[in-house]
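Engineer: curious how this folds, go ahead:
(2 chains)
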Amino acid sequence: MANWLFLIPLAPLVAAVVNFVLGRWFIRDRAHWLGILGVGVSFVLSVIVFAQVHGGTVPLSQHLYTWIPAGDFQIPVTLTVDQLTAVMLLVVSGVSLLVHVYSVGYMQGDTGFYRFFSYLPLFVFSMLMLVLASNYLLLFVFWEGVGLCSYLLIGFWFRRLSAANAAKKAFIVNRVGDLGFGIGIMFIFVKVGSLDYSRVFAAVPQLPQGAVTLIALLLFTGAIGKSAQIPLFVWLPDAMEGPTPVSALIHAATMVTAGIFMVARSFPIFSASHTAMLVVAIVGAATAFVAATIGVTQYDIKKVIAYSTVSQLGYMAFALGVGAWAAAIFHLMTHAFFKGLLFLGAGSVIHGMHDEQDMRFMGGLKKFMPITFWTFLIGAAANAGIVPLAGFWSKDETIVGAWAGGYPIVAIVGLIAAFFTSVYMFRVVFLTFLGEERFDHDHVHPHESPPWMTVPLLILAIGAGLAGFLGFPPEHGFIQNFLGPVFSVSGAAVEHHVSLTTTLTFGVISTLIALSGVFLTWRAYVTRTLVPDAIAARLGPLYRLSFRKWYFDEIYERLVVHPLYLTSVFLWRVVDVHIIDGTVNGVAGVVSFTSERWRRAQTGLLANYALAIALGAVVIVAVYLIIDSSLIR
Amino acid sequence: MTHLTADHFLLLSAALFIVGMVGVLTRRNVLVIFMCVELMLNAVNVSFIGFAWEQNSMVGQTFALFVVAVAAAEAVVGLGIIMALSRRVDTVDIDQVRELRE
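Structural biologist: Alright, predicted model coming up:
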């Protein structure tokens, strides 16, 4: 029992509502205090919860009320915290708090300041409820809730057409995944009769194999949408139209990991279906590879980091697919640190460069913004998997997990993607912070960001540097032991005991791969002994494939968007105008035509009316007499 | 000398009614039409009285009294309308008043 759990999501909700209602007239540019306070309360409580969960074994829970009481079918609003939730709570509230602080500096002077600090806590509320939910329906409600906040925040600068379009794209693409997710939940209800996690998981062994596979795949469809896996990842890079703190919080650290969280949460379902696991692993590995190759050729600093996010989500997904549950959550956690850091660093660069995002017009920023440079470097190195930063430990864990779980191809794809990761990450660092200054000195005066922004960077840099040691020694670190009880409840999780040699071998291999990437980019962008354009020309079609993002958008445009557009035009021009409007107008036309004819009967002459009345009376009497006589006689 | 029967009353009533109806249908002076309507009402009264006389019952006479009362009320309203009409269009010729057509 823990009857104060409700305070964790409530605090940001209150901040969001108050800022939304009063922000415009009364709070205005003081809105951040409420936001930071609300999220701060959540963070402190999350730390307490984490400590409590660490000590005990029984999940904490609090029943708030029953949302849908319908006979046997009950949807209670119950908050539950086990080890998995506790980790998610810490990550969500911690990163949210830092992003809130950062946003004070980044959003300063924006006309929608209060609106920003109303949407952002609303997102935190939805995300916290998502991880705290104890049944699939509640999860789904807040799954949509974070989707809504994502939409609102991507389209925050809605006067810009591209931002409004990106928001719509994110929302619509997510609908595709959510459709599958929704059907999956209904299917669970049909098969099990309940949506409570514990009852569903208890019922899994009794279900036929096909049903379990179908449920798992449908649930994973939702994760594909939300966590930006192939083939639905196209919305995430476009989502970078939103303000940078939003990209850091929603589209890197928290919301996009909801899919990973959901699959991890449903691990008894997934681990009961070999087919579903295989699909998850393949999709994850493909995403990790494809997104990493795209990242190498992009020029927009935020886009590169966005593709990096997609790629890292792919790592998490394949870790789930190979059964390395703890590794996936570990990577999710370290990723939240270093990717949040990278986005906030990129935001700091964009802020200092007066809203320039194209790396071709940057360069040499190291001396103008040293704090941003060093923290960004730590984040990039962590992402690239350089020893001993966070990304190294967790990414290695996923790759070793794939190898040990019997998916050597997945592990190799992971290693290849790791090479590209290192290349695109250090390409950003070198293009942005080193080399010649390619910006216009007359108009752009780069400057370091205010403390509101640099302090969160420093804190996240510490996290990105040290979070990896939570997983040290590999396989038996703090985080693995902490998460252990969650993933062995039903004994379904298969423990792969990895020999020290394997771990070390992979550690060395991935370090070498990462360093070779760094070396290559160093030569290409700093010493200029390699010419990137020449390499691009040599690679020809491969380069274009990467630069055009594997033509995903073009294919969707051709196969989905354009046919849908034509269908809509057909429905409008033919069905709506001619058939629907035609029917309505036709009815009106018939009525009007008939009345026009009947109107002639009205002469206005009293004598006519009187005659009609008299004749009518005569007729009625005549009829009456005829009928009467025939009936009686 | 023949006896007075209900038939005599009914014949008188029918004659009066037809006179009234023909007047309503053919005359154009609105006052005359109005008087013809009164005639028709009283034709009905005559038949009521006739039946009451034959049946030796008070019901028909009571009805006749009611009709007289209603006819009086109707006369007030009808004459009022005719007054207003003649003031407005300065005529009592009913064919000149065809506003109902539109």
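
Engineer: which elements pack onto the helix or strand hosting A:L545?
Structural biologist: Taking DSSP states H and E as the criterion, A:L545 maps to helix A:541-547. Counting contacts by 3 or more C-beta pairs under 8 Å, 6 or more residues apart in numbering or on different chains; DSSP states H and E, helix A:541-547 is packed against helix A:274-295, helix A:532-539. Where you see a C-beta, it was placed from the backbone N, CA and C, and this is true even at glycine.

Engineer: distance between the shortest one and the chain's centre?
Structural biologist: For helix A:532-539, the gap between its own C-alpha mean and the chain's C-alpha mean amounts to 34 Å (C-alpha atoms, centre = their mean, to the nearest Å).

Engineer: same question for the longest one.
Structural biologist: The chain centroid and the centroid of helix A:274-295 are separated by 17 Å, computed with C-alpha atoms, centre = their mean.

Engineer: now do the helix or strand that it is followed by: distance to the chain's middle.
Structural biologist: Scanning forward in sequence from helix A:274-295 by DSSP H and E, the next helix or strand is helix A:301-321. How far helix A:301-321 lies from its chain's middle: 12 Å, per C-alpha atoms, centre = their mean.

Engineer: which neighbouring elements make contact with helix A:301-321?
Structural biologist: With contacts defined as 3+ C-beta pairs under 8 Å, 6+ apart, helix A:301-321 has these neighbours: helix A:235-238, helix A:244-248, helix A:258-265, helix A:274-295, helix A:325-352, helix A:390-404, helix A:408-433.

Engineer: can we see that at 7 Å?
Structural biologist: Packing partners of helix A:301-321 (3 or more C-beta pairs under 7 Å, 6 or more residues apart in numbering or on different chains; DSSP states H and E): helix A:235-238, helix A:258-265, helix A:274-295, helix A:325-352, helix A:390-404, helix A:408-433.

Engineer: dump the C-alpha coordinates for it into PDB.
Structural biologist: C-alpha atoms of helix A:301-321 as PDB (Å, rounded to 0.1, in the frame of the first residue of the first chain):
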ATOM      1  CA  ILE A 301      21.800  18.800 -36.800                       C
ATOM      2  CA  LYS A 302      18.500  17.800 -35.300                       C
ATOM      3  CA  LYS A 303      17.700  15.400 -38.100                       C
ATOM      4  CA  VAL A 304      20.900  13.500 -37.500                       C
ATOM      5  CA  ILE A 305      20.100  13.100 -33.900                       C
ATOM      6  CA  ALA A 306      16.600  12.100 -34.700                       C
ATOM      7  CA  TYR A 307      17.800   9.300 -36.900                       C
ATOM      8  CA  SER A 308      20.200   8.400 -34.200                       C
ATOM      9  CA  THR A 309      17.200   8.100 -31.900                       C
ATOM     10  CA  VAL A 310      15.400   5.800 -34.300                       C
ATOM     11  CA  SER A 311      18.500   3.700 -34.600                       C
ATOM     12  CA  GLN A 312      18.900   3.400 -30.800                       C
ATOM     13  CA  LEU A 313      15.200   2.500 -30.500                       C
ATOM     14  CA  GLY A 314      16.000  -0.200 -32.900                       C
ATOM     15  CA  TYR A 315      18.700  -1.500 -30.600                       C
ATOM     16  CA  MET A 316      16.200  -1.600 -27.700                       C
ATOM     17  CA  ALA A 317      13.700  -3.400 -29.900                       C
ATOM     18  CA  PHE A 318      16.000  -6.100 -31.000                       C
ATOM     19  CA  ALA A 319      17.200  -6.500 -27.400                       C
ATOM     20  CA  LEU A 320      13.600  -7.100 -26.500                       C
ATOM     21  CA  GLY A 321      13.200  -9.500 -29.400                       C
END
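
Engineer: next, the angle from it to helix A:408-433.
Structural biologist: Helix A:301-321 runs at 160 degrees relative to helix A:408-433, counting by axes from the mean of the first three to the mean of the last three C-alpha atoms, to 10 degrees.

Engineer: buried residues of helix A:301-321, list them for me.
Structural biologist: The neighbour-count check on helix A:301-321 (16 or more other C-beta atoms under 10 Å in any protein chain shown) flags A:301-321 as buried.

Engineer: and the helices and strands packed on helix A:541-547 as a markdown table, adding mean neighbour count, mean pLDDT and distance to A:A253?
Structural biologist: As requested, those are exported to a markdown table (neighbours: other C-beta atoms under 10 Å in any protein chain shown; pLDDT from 0 to 100; distance: least, C-beta to C-beta, whole Å):
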| stretch | mean neighbour count | mean pLDDT | distance to A:A253 |
| --- | --- | --- | --- |
| helix A:274-295 | 23 | 93 | 17 |
| helix A:532-539 | 12 | 84 | 30 |
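
Engineer: can you redo these as CSV with distance to A:A328?
Structural biologist: Listed next are the helices and strands packed on helix A:541-547 as CSV, based on distance: least, C-beta to C-beta, whole Å:
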stretch, distance to A:A328
helix A:274-295, 9
helix A:532-539, 33
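
Engineer: can you pull out the helices in chain B?
Structural biologist: Ranges of helices in chain B, per DSSP state H, are B:6-26, B:30-55, B:59-89.

Engineer: deepest in the core, which of these is it.
Structural biologist: Neighbour counts (mean count of other C-beta atoms under 10 Å in any protein chain shown) averaged over each of those peak at helix B:30-55, with a mean of 18.

Engineer: quick one: mean pLDDT for it?
Structural biologist: On average, the pLDDT along helix B:30-55 is 91.

Engineer: packing partners of it?
Structural biologist: Packing contacts for helix B:30-55, counted by 3+ C-beta pairs under 7 Å, 6+ apart, involve helix B:6-26, helix B:59-89.

Engineer: please work out the average pLDDT along the shortest one.
Structural biologist: Taken as a whole, helix B:6-26 has an average pLDDT of 91.

Engineer: same deal with the longest one?
Structural biologist: For helix B:59-89, the per-residue pLDDT values average out at 91.

Engineer: centroid-nearest residue for the chain?
Structural biologist: You didn't say which chain, so I picked chain A. A:V256 (3.1 Å; C-alpha atoms, centre = their mean).

Engineer: wait, chain B
Structural biologist: Closest residue to the average C-alpha location of chain B: B:E38 at 2.5 Å, with C-alpha atoms, centre = their mean.

Engineer: which residues touch it?
Structural biologist: B:A71 (C-beta atoms under 7 Å, 6 or more residues apart in numbering or on different chains).

Engineer: again, but for B:R87
Structural biologist: Contacts of B:R87 (C-beta under 7 Å, 6+ apart): none.

Engineer: what's the answer for the one 5 residues further on, then?
Structural biologist: Shown in contact with B:V92 (C-beta under 7 Å, 6+ apart): B:29-31, B:86.

Engineer: closest one to A:V77 among the helices of chain B?
Structural biologist: For A:V77, the closest of the helices of chain B is helix B:59-89, at 70.6 Å, according to C-beta to C-beta.

Engineer: chain center to that closest one, what's the gap?
Structural biologist: Taking the mean of its C-alpha atoms, helix B:59-89 sits 9 Å from the chain's own mean (C-alpha atoms, centre = their mean).

Engineer: and it with helix B:30-55, angle?
Structural biologist: Angle of helix B:59-89 versus helix B:30-55, following the same axes, to 10 degrees, is 180 degrees.

Engineer: residues near the residue in the stretch 251-400 of chain A that chain B sits nearest to, how many?
Structural biologist: At 68.3 Å from chain B, A:M255 is the closest residue in the stretch 251-400 of chain A, using C-beta to the nearest C-beta. As a burial measure, A:M255 scores 25 neighbours (other C-beta atoms under 10 Å in any protein chain shown).
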